[in-house]
Each structure stands twice: as structure tokens, then as C-alpha cells.
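[1] I would like to see how this sequence folds:
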Amino acid sequence: MSAARLLANVLAHPDRAGSLAASDWNALIAAARAEQLIGTLALRIDADAVPRVVAEILADARDAATEQRRAALWEAEMMRRVLGSLDVPLVLLKGTAFVAAGLAAGQGRHIGDLDVLLPRAAMPRVEQALLAAGWEWAKPDAYDEAYYRRWMHELPPLIHRERDRMIDVHHTILPPTARPTPDADALIAGAVPLGNGLSVLAPADMVIHAALHLFADGDLAGGLRNLWDVDRLLRECSEDDADFWLKLHARAAEHQASAYVARAARLAARLFDTPIPPAWRRGAGLDGLYAWRLLARDGWGRETYPATRFAFYVRSHWIRMPPLMLARHLLIKARRRVGSAGGDAPAR
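    Residues are numbered from 1 along each chain as shown. I've put the predicted structure just below:
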């Protein structure tokens with residue numbers, strides 16, 4: 001069993017942790033750290049059922065997850081204080097949204113940047129307000145800035161000069177050049193207020209965003225954590241709403257995301273035993289290849305199968321850019337890497 005498969009197995013069935021051998025624990029901890037799931041694993045496992053040294057590692061992971069949760073919520077509050085007076089919707093995304101809404105997907109979750117969605121028309125005002133309040137550009141590069149502003153679904157990344165925390169300000173959830181085109185206005189209109197000036201996506205939209213982020217906006221590196229998000233969301237949302245699967249089906253079609261959401265549900269069922277309706281199990285097709293990519297880690301947590309990784313890297317660019325644009329972008333990036341290596345440009 002690969003280390004990542006072992007991780008998926010224990011996350012789904014934490015009671016099995018008590019029967020692991022020492023070599024299994026080494027692989028499990030390495031994979032959990034590599035996939036940024038160590039905090040989640042720590043909260044899933046009974047500390048009294050594991051070796052003492054493992055219990056200490058998991059205790060540290062729980063403490064780190066608690067601190068990340070605190071920092072994420074504080075950063076969201078700092079953003080709210082700056083942008084609240086602009087009278088624009090502020091929709092939290094990803095990990096911060098999960099913990100702010102008290103969802104199971106937020107339990108122990110690694111949280112890096114603060115991600116927020118707001119109307120595109122408000123972007124200039126929001127940008128100026130953030131810059132005036134202490135945020136600054138994380139990558140002040142002319143080409144990158146022009147690329148973000150013309151082709152991406154967010155502002156160039158910003159970082160606060162004192163708190164050293166990043167914020168990603170989105171006007172939609174996928175690049176405009178991507179094959180699926182989610183309806184950003186519908187996402188914002190359907191958001192659920194938290195009562196403090198912030199909102200989170202509606203339940204079905206959360207699942208759709210998680211699926212698109214996994215399969216339509218990257219090469220699946222570290223994707224096991226994103227698929228775990230899907231598992232937690234599907235379980236909780238379907239338990240809370242008997243009609244959830246019907247709503248998810250309709251909403252996914254509205255956002256041109258049906259195939260991505262269906263694959264996410266099937267793979268969650270495959271790797272985490274997520275309960276899904278029989279109709280959602282149809283059309284497995286290439287699911288085995290995607291599972292192979294998601295589980296490609298050795299006992300040290302290192303990624304394996306470089307050919308598979310490269311294929312998914314190429315795919316990630318292909319689905320986000322038209323061919324001519326992709327060729328130009330990769331050529332520019334290649335030239336900059338060569339120039340940087342030769343001393344013609346500063347390394348970044």
C-alpha cells in the first residue's frame with residue numbers, strides 16, 4: 001500500500017490506526033505532512049491508541065492547526081475591517097470559509113492564504129483600500145502583474161507588510177480562459193451570510209469550487225487534501241439537506257462543472273468511502289489514472305511517477321489556456337528562467 005493510500009485509508013477509518021506497524025507510522029506521518037493533512041489526521045486519531053512518540057507528533061500538529069485556525073480567522077477580520085465600509089460582498093473561500101462556518105472540512109485543515117471572492121466591478125476600490133491598509137504586492141514583476149490583470153481570476157497576490165499574511169482577492173473561481181466558466185455573479189448572489197459582514201459560498205457551490213480547484217485549476221499536486229475537502233463537504237451537506245444531491249446536480253450544470261463534480265464525488269467514494277448515490281458512480285472512465293496521480297507518494301512522502309506528474313502538469317495548462325496563449329506564456333517563462341540562471345535577472 002502506498003503511503004498516500006495508507007493516509008486516505010486511515011483518514012476514512014481512523015479506528016484502523018491502532019493496528020499500524022512502526023514502518024506504517026513513518027510512511028503515514030510523512031505522507032500526511034506532504035499532503036498538508038497532518039492536522040486533520042491528528043484530530044481524527046485517538047491519541048491513546050497510538051505509540052507515545054506518534055502521540056507527541058500528533059499533539060504538535062493539533063496545536064499548529066489550532067494556531068492556523070486562529071490566525072486565519074483574525075486575518076479575515078482584519079480584511080473585514082478594511083473593506084467593510086466599501087459596501088461590497090465579501091465571500092470567504094477554501095479553508096478560512098470552512099473554519100468560519102464551523103464546517104467539518106475545517107477541522108484540523110491547513111490554511112495558508114486568505115481567499116476572498118467579490119464582484120469584479122469592486123476590484124479597483126478593494127485594491128486601493130488594501131494597499132492603503134498595509135498590504136503590498138508579493139511579486140512585483142511587470143509581466144506577472146499584466147498576466148494576472150488580463151488573464152487571471154484574481155488580483156496579483158498581496159502580502160501584509162507587518163503580519164506577513166497573504167491574501168488572494170478573486171472576482172471568480174477559475175481563470176476566464178479556462179474551459180468551464182462558473183457564474184461568478186450566481187456564486188456571490190447565493191452566498192450564505194455569517195452575520196459579521198462576511199459570507200461563505202452556498203453548500204453546493206462550496207463542493208463545486210472544491211472540485212474545480214482540484215481538477216480544473218492545477219496539476220493535482222497535493223490534491224488529496226482538496227479531495228478530503230470534497231468528502232467532508234459531501235457528507236455534511238447531504239446529511240443536513242435531503243435534497244442536496246439534486247441541488248448539487250443542478251448547480252453544477254449551471255456552472256459548467258458537472259463532469260468535474262461527478263469525478264470528485266466518485267474519487268472521494270473510491271479513496272475515502274464517501275457515500276454517494278448510485279447514479280453518481282457512473283462514468284468512471286479515467287478515474288483510475290486520477291487516483292494514481294493523487295496517491296503518487298513513497299514512504300518518505302516524496303512524489304513518485306514523474307511521467308504521470310508531467311502529464312498532469314501539461315494538462316493543467318492545456319485546460320486553462322488556448323494553445324497560442326499557452327505557447328507564448330511558456331516561452332516567456334522559459335526565457336526568464338534561463339536569464340535568471342545566467343545572472344541576467346534576479347532569481348525569484
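[2] Excluding chain neighbours, give the residue nearest to the residue sitting nearest the centre point of the chain in space.
    Central residue of the chain (Cα atoms, centre = their mean): Asn226, 5.2 Å from the mean position. In this structure, Asn226 finds its nearest non-sequential neighbour in Leu214, 4.2 Å apart by Cβ to Cβ, 6 or more residues apart in numbering. For every residue, glycine as well, the C-beta is placed using N, CA and C.
[3] I'd say that neighbour and Leu220 touch.
    Yes - in this structure, Leu214 is within contact of Leu220 by Cβ atoms under 8 Å, at 6.8 Å.
[4] With neighbour numbers in mind, choose between the two.
    Leu214 (24 against 20; other Cβ atoms under 10 Å).
[5] Quick check on the more buried one: phi, psi?
    Phi and psi for Leu214, reported as degrees, to the nearest 10, are phi -80, psi -50.
[6] same question, the one 4 residues further on
    Main-chain torsions, Gly218, degrees, to the nearest 10: phi 170, psi -170.
[7] Quick check: nearest residue in space to it, chain neighbours excluded?
    Per Cβ to Cβ, 6+ apart, closest to Gly218 is Ser316, 5.3 Å.
[8] cool, Leu43 as well?
    With Cβ to Cβ, 6+ apart, the residue lying closest to Leu43 is Gly108, at 4.0 Å.
[9] Relative to Asp60, how far out is the spatially closest residue to Leu155 that is not a sequence neighbour?
    Once flanking residues are discounted, Leu155 sits nearest to Val169: 4.5 Å by Cβ to Cβ, 6+ apart. Per Cβ to Cβ, to the nearest Å, Val169 is found 33 Å from Asp60.
[10] Give me the more crowded residue out of these two.
    Just comparing Val169 and Asp60: by other Cβ under 10 Å the higher neighbour count belongs to Val169, 23 against 13.
[11] Doesn't the more buried one belong to a helix?
    No - the assignment for Val169 is strand, going by DSSP: H, G, I helix; E, B strand; the rest coil, so no helix is present there.
[12] Distance-wise, check it relative to Lys94.
    Distance from Val169 to Lys94, by Cβ to Cβ: 13 Å.
[13] pretty sure Trp137 is touching Pro156, no?
    Yes - Trp137 is in contact with Pro156 according to Cβ under 8 Å; the separation is 5.8 Å.
[14] Can you list the helices and strands that the helix or strand harbouring Ala8 packs against?
    Ala8 belongs to helix 3-12 when assigned by DSSP states H and E. When contacts are defined as 3 or more Cβ pairs under 8 Å, 6 or more residues apart in numbering; DSSP states H and E, helix 3-12 packs onto helix 22-34, helix 38-44, helix 223-240, helix 258-272.
[15] so what's the residue nearest to Leu155 bridging to?
    Val116 (DSSP bridges).
[16] ok, it touching Ala122?
    No - here Val169 does not reach Ala122: they are 9.6 Å apart, not a contact under Cβ under 8 Å.
[17] re the thing from before, same for whichever strand or helix holds the residue nearest to Gly218, what does it pack against?
    Element membership of Ser316, judged by DSSP H and E, is helix 306-318. Helix 306-318 sits against helix 287-294, helix 323-341, with contacts defined as 3+ Cβ pairs under 8 Å, 6+ apart.
[18] Which of those comes out lowest on mean pLDDT?
    Of all these, helix 323-341 carries the lowest average pLDDT, namely a mean of 62.
[19] In the stretch 51-200 of the chain, where is pLDDT below threshold?
    140, 142-148, 150-151 (pLDDT under 70).
[20] all helices for the stretch 101-250 of the chain, in order.
    Under the criterion DSSP state H, counting those that start in this stretch, the stretch 101-250 of the chain contains helices at 123-132, 142-151, 184-189, 203-215, 223-240, 244-254.
[21] Check those helices for me and report the most buried one.
    Mean neighbour count (mean count of other Cβ atoms under 10 Å) peaks for helix 203-215 among those, with a mean of 26.
[22] If I take that helix and helix 244-254, what angle do their directions form?
    60 degrees (axes from the mean of the first three to the mean of the last three Cα atoms, to 10 degrees).
[23] Helix 203-215 to helix 287-294, inter-axis angle?
    70 degrees.
[24] the inter-axis angle of helix 203-215 versus helix 223-240?
    Going by the same axes, to 10 degrees, helix 203-215 makes 160 degrees with helix 223-240.
[25] what is the orientation angle of helix 203-215 with helix 306-318?
    Using the same axes, to 10 degrees: helix 203-215 against helix 306-318 is 120 degrees.
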